[in-house]
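> kindly return the folded structure for what I paste below:
(3 chains)
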Amino acid sequence: MKPIESFEIPEPSKVNYINAQYGLKSWLLTKDHKRIALLYLGSITFFFFIGGLYAMMIRLELLTPPGDFMQSATYNKVFTQHGIIMIFFFLIPSIPATLGNFLIPMMIGAKDLAFPRINLLSWYIYMLGGVITIYALLAGGVDTGWTFYTPFSTTFSNTYVVAAGLGIFVNGFSSILTGLNFIVTVHTMRAPGMTWFRLPLFVWSLYATSLVMILGTPVIAITILLLAFERLAHVGIFDPALGGDPILFQHLFWFYSHPAVYIMVLPSMGVISELIANFSRKNIFGYSFVAFSSLAIAVFGFLVWGHHLFVTSQSVYAGMIFSFLSFAVAIPSAIKVFNWTATLYKSSISYDTPMLYALGFIGLFTVGGMTGLFLASLAVDVHLSDTYFVVAHFHYIMVGGALMGYLGGLHYWWPKISGRMYPEGWGRFSALVIFVGFNLTFLPQFVAGYLGMPRRYHAYPPEFQVFNVLSTAGASILGFGMLIPAIYFVWSMRYGKHAEANPWHLPGLEWRTQSPPPTENFAVTPIVTWEAYEFAPAEETEVVGKFRPEMERI
Amino acid sequence: MDATTEQLHGHRSLQHHFENMEQQREAGTLGMWVFLVTEIMFFGGMFLAYTLYRSAYPQAFASASNHLDITLGALNTGVLIFSSFTMAMAVYFTQTGKPRPQVICLVLTLLLGLTFLGIKAVEYHDKYNDHLIPGRLIPGRPFGPEVAQEGDHDPHKLHLLPGATVRQVELFYWIYFAMTGMHALHMIIGAGLLTFLLIFSLKGRFDPEYHSPVEVIGLYWHFVDIIWIFLFPLLYLLGRHLEHV
Amino acid sequence: MSEHIVSVRVYVTIFLLLLLGTGLTVAAAFVEFPGKLNTVVALTIAVTKATFVVLYFMHLRYSSRLVWVIVASALFWMAILFALTFSDYLTRGWISVGY
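So this is what the prediction gives:
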């Protein structure tokens, strides 16, 4: 059976979810998950550029050892705001709210998510949180670090801590509602025949991500609320001078914020599974291992937060437990990397833009993950804590990992989302520029940090300058590289080649409806009788020769 | 609606993206349970803070707890339990298609909920009068209860057990207001939801075929009751066995 | 409809048990139990009351396995929060580091 030809894609109609209704109201009051995904795409891109501006300011300051570009107080605000915007308003919602919202109903064969109006509400809540946070930034900023450590944030900081905290608090509800929607949708709205083990791995990852959102976000919500009330009331709940405990704040803060990094990376891993399988025309090696490892990462991710408290007064025995668990959490991630590699082995790889991002992810995430093990070792962490080593580590995961997955996914599903193809040549070029720029930015930071350069300092000893210059040069290249897709995606919406229903010729359910999809996704509810990633062997399929005549097996 | 329309379009309350009422009901119930998980984790953070500070300052917490009004607290517990009962009965009457008793039970639940909030308001007012609002929450009226001296049995004065300080008592009140305040906020939201339920019930929107909102809001209401079931002993009953008043 | 309708008798019984539990916990509060038992007694009664509400008023007893898993997960996650945080606080005094 040849899965690609056996499924009849209905005659594409001229009506799709984009042109089904016109007018601002039809977009701002939409219940269509696909339109909501686009609303998110716009806002998330906006916040990404704001966060990027702050990054640019950081890198400019750090070009020279003395603090000559900004005062230290300003610099404190810049890195704080870079962190807050990038983490809460870009990374956490990025893949779930855009690709997740768009694709989950399509991948399970449903007409929409379980709660479409709550989906729209979550976007409005995100925007409200964004507005409050932007108000905090414009009114004077916040300088406590995105970690809001007490008692500085409760007692000594003169900046807009409560406003920024409120923005993050409100934004958290957007996260919670998205996660809730996904969980209920995957449990109750799968099409007939779509069993759990026929689901695309992207859905498994987003399900695991949603578990983390549900269980973790409420804790940061209450933590920020307590912080805000403490700032107003001055009772001393987190202030040692008044009988309070600052470490309690850190425990509560990191109970969410560590799992939060898995909210950021799990969806990206889900995208990578899709890209690796589809662009090497092979079922993912060890599908169930990869599926279960997503759940394992979600669960284990909650057990390791104390590794952020190694150099505090946290008990060394608790430190040992958290260190051991932090090593353990690396295992399911490693399983994924091994399985992706095994998938690539003896497969039919095509080096399209999405695949370039996927391959980049595997390498960069591995570096990020391994350097995490350095930090998980108690004694080594004493040396590396609060240095640029930590900064480099998490940027390898967040940018080299999560962002690569996001960009890869955007490119891969762009024809489905917009009905247009992006220019492939520019796509590959920018992927390479981003890869080079990224490594030039963050690799020197590992060295600088190991040699002792502290983080969150706007001035540093001259011996670190060479690393910082390399890093800033890399950041410029990275910035340039990321502008290119921004431009050509917009360009493609008007001038890009029209995409057919299944431009990549793949078996996934989302490709079996027109591009862009109609509002109800499928004209008829599909009945699923095939497994995930059911590629016919190359010898049996004529399609390999048909749609890609110029590409032999590479 | 007539049988043909129902066959073609489903029950009038069936939303377009669901296949049938059963799927819609399942999704709604599951959604509320998942939401309650987030609420458990939300209150959990405060329970953690409570546990830590209580172990750190047991005498102060016992002294402060004894200073709360046990009668009002116990009364409120009874009121909330009763409201949980009437809420469960409201669901029962909706399931069995008895609209009048259903409405009566919803009204009772709402009234009991408002009673709870009223008693809470009385308690908060007493705290305000006794200068027990912590920190600088009320500008110009900092935390400053009158401490009872040896032998003084005035119930309005704070009786400190040996080892307790006023600073530590203030931490107790911080947690007391944070937890009961957050609980009260959830009750207010619940009261709002109940009002919606009442309005739709009076319009006859619910029947044995479709009453998911009644069930789902019932789940929320019971959860808020459960939080109070824990708050009452943890806040009000800590040191009664040490009371000498 | 696959709904299970709980009988009025069950509801009334649970209601009375809850009131009884409240009275019990107030009475027990005034009795001096040895050591930390006061807390244990109070929490045991509270957990029992909460269990009754969840099982019967919230219909968990008659719900699908998925809902049981959801409730169990919430309790498990609370346990993680408490256990690992207390692994810090309870072990702080164990080692003397000379300063």
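> wait, residue A:384 sits on residue A:375?
Yes: between residue A:384 and residue A:375 a contact is recorded at 6.0 Å, counting by Cβ atoms under 8 Å. C-betas here are computed from N, CA, C, even on glycine.
> which residues do these two both contact?
residue A:390 (Cβ atoms under 8 Å, 6 or more residues apart in numbering or on different chains).
> quick one: neighbours of residue A:424, just the number.
Residue A:424 has 12 neighbours, counted by other Cβ atoms under 10 Å in any protein chain shown.
> cool, and residue C:20?
12.
> got it, and residue A:28?
With neighbours defined by other Cβ under 10 Å, the count for residue A:28 comes to 12.
> residues touching it, list them.
Counted by Cβ under 8 Å, 6+ apart, residue A:28 has contacts residue A:39.
> enumerate the residues of chain B near chain A.
Residues of chain B lying close to chain A by Cβ under 8 Å from any Cβ of the partner chain are B:16-19, B:23, B:26-27, B:30-31, B:34-35, B:37-39, B:41-46, B:48-49, B:52-53, B:56-57, B:134-137, B:143, B:167-168, B:170-171, B:174-175, B:178.
> filter those residues to the buried ones?
Buried members of these, scored by 16 or more other Cβ atoms under 10 Å in any protein chain shown, are B:17-19, B:23, B:26-27, B:30-31, B:34-35, B:37-39, B:41-46, B:48-49, B:52-53, B:56-57, B:134-135, B:137, B:143, B:168, B:170-171, B:174-175, B:178.
> state the mean pLDDT of stretch A:147-155.
For stretch A:147-155, mean pLDDT rounds to 94.
> ok, is it in contact with chain C or not?
No: on the criterion Cβ under 8 Å from any Cβ, stretch A:147-155 is out of touch with chain C, staying 15.9 Å away.
> what residues does that stretch touch?
So stretch A:147-155 is contacted by A:83, A:144, A:161, A:165, A:224, A:227, A:230-231, A:234, A:238-241, A:244, A:246, A:249-250, A:253, A:257 (Cβ under 8 Å, 6+ apart).
> which of those residues are buried?
Looking at the contacts of stretch A:147-155 with 16+ other Cβ under 10 Å, the buried ones turn out to be A:83, A:144, A:161, A:165, A:224, A:227, A:230-231, A:234, A:238-239, A:244, A:246, A:249-250, A:253, A:257.
> tell me which of those residues fall in strands.
Counting by DSSP state E, the buried ones among the contacts of stretch A:147-155 place none of their members in strands.
> could I get the full set of strands for chain C?
Taking DSSP E to define them, one finds no strands in chain C.
> show me what the longest helix along chain C is packed up against.
For chain C, the longest helix by residue count, based on DSSP state H, is helix C:65-89. Applying 3 or more Cβ pairs under 8 Å, 6 or more residues apart in numbering or on different chains; DSSP states H and E, we find helix C:65-89 packed against helix A:201-233, helix A:246-279, helix A:316-344, helix B:21-56.
> how about a cut-off of 7 Å?
If you count contacts as 3 or more Cβ pairs under 7 Å, 6 or more residues apart in numbering or on different chains; DSSP states H and E, helix C:65-89 packs onto helix A:316-344, helix B:21-56.
> packing partners for the shortest one?
Looking back up the chat, that one is helix A:316-344. Other helices and strands packing on helix A:316-344, by 3+ Cβ pairs under 7 Å, 6+ apart, are helix A:246-279, helix A:287-300, helix A:353-376, helix A:378-384, helix C:65-89.
> winner for burial among those helices?
Highest mean neighbour count of the helices and strands packed on helix A:316-344: helix A:246-279, a mean of 26 (counted as mean count of other Cβ atoms under 10 Å in any protein chain shown).
> mind checking the pLDDT average for that one?
Per-residue pLDDT over helix A:246-279 has a mean of 96.
> elements contacting it?
The helices and strands touching helix A:246-279, judged by 3+ Cβ pairs under 7 Å, 6+ apart, are helix A:92-95, helix A:201-233, helix A:287-300, helix A:316-344, helix A:353-376, helix A:404-418, helix B:21-56.
> residues contacting stretch A:230-249, please?
Contact with stretch A:230-249 is made by A:150-151, A:154-155, A:161-162, A:223, A:226, A:309, A:312-314, B:49, B:52, B:134-137, B:167-168, B:170-171, B:174, as judged by Cβ atoms under 7 Å, 6 or more residues apart in numbering or on different chains.
> the same query, at a cut-off of 8 Å, please.
A:148-151, A:153-155, A:161-162, A:223, A:226-227, A:309, A:312-314, B:48-49, B:52-53, B:56-57, B:134-137, B:143, B:167-168, B:170-171, B:174-175, C:88.
> mind checking pLDDT for the closest residue to residue C:68 other than its chain neighbours?
Among residues not flanking residue C:68 along the chain, residue C:60 sits closest, at 6.8 Å (Cβ to Cβ, 6 or more residues apart in numbering or on different chains). Looking at residue C:60, its pLDDT reads 95.
> residue ranges with poor pLDDT in the chain?
As the question left the chain open, I've gone with chain A. A:1-12, A:536-554 (pLDDT under 70).
> chain B is the one I meant
Ranges of chain B meeting pLDDT under 70: B:1-10, B:244-245.
> in it, which spans are helices?
B:3-9, B:21-56, B:58-66, B:70-95, B:99-129, B:166-202, B:212-236.
> could those helices go into a markdown table alongside distance to chain C?
Formatted as a markdown table, the helices of chain B follow (distance: least, Cβ to the nearest Cβ, whole Å):
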| stretch | distance to chain C |
| --- | --- |
| helix B:3-9 | 15 |
| helix B:21-56 | 4 |
| helix B:58-66 | 10 |
| helix B:70-95 | 4 |
| helix B:99-129 | 10 |
| helix B:166-202 | 14 |
| helix B:212-236 | 4 |
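> contact residues of chain C facing chain A?
With Cβ under 8 Å from any Cβ as the criterion, chain C meets chain A at residues C:66, C:73-74, C:77, C:80-81, C:84-85, C:87-92, C:94-95.
> quick check: the farthest pair among these?
Farthest-apart pair in these is C:66 and C:95; separation 44.6 Å (Cβ to Cβ).
> residue in the stretch 301-450 of chain A nearest to chain B?
As assessed by Cβ to the nearest Cβ, chain B sits closest to residue A:302 within the stretch 301-450 of chain A, at 10.5 Å.
> verify the stated contact: that residue with residue C:80.
Yes: assessed by Cβ under 8 Å, residue A:302 is found in contact with residue C:80 at 5.7 Å.
> for the residue nearest the centre of chain C, give me the pLDDT.
Relative to the mean C-alpha position of chain C, the nearest C-alpha, by Cα atoms, centre = their mean, is the one of residue C:47, at 2.6 Å. pLDDT recorded at residue C:47 is 96.
> and it, what does it touch?
Residues in contact with residue C:47 (Cβ under 8 Å, 6+ apart): none are found.
> how much space between it and residue A:144?
39 Å (Cβ to Cβ, to the nearest Å).
> try residue A:503
According to Cβ to Cβ, residue A:503 and residue A:144 sit 47 Å apart.
> do the same with residue A:197
Distance of residue A:197 to residue A:144, given as Cβ to Cβ: 46 Å.
> repeat that for residue B:145.
Residue B:145 is 33 Å from residue A:144, where distance means Cβ to Cβ.
> residue in the stretch 401-550 of chain A nearest to chain C?
Closest point on the stretch 401-550 of chain A to chain C, by Cβ to the nearest Cβ, is residue A:528, at 21.0 Å.
> residues from chain A in reach of chain C?
Proximity of chain A to chain C, by Cβ under 8 Å from any Cβ, involves residues A:187, A:215, A:219, A:247, A:251, A:255, A:302-303, A:305-306, A:309, A:313-318, A:321-322.
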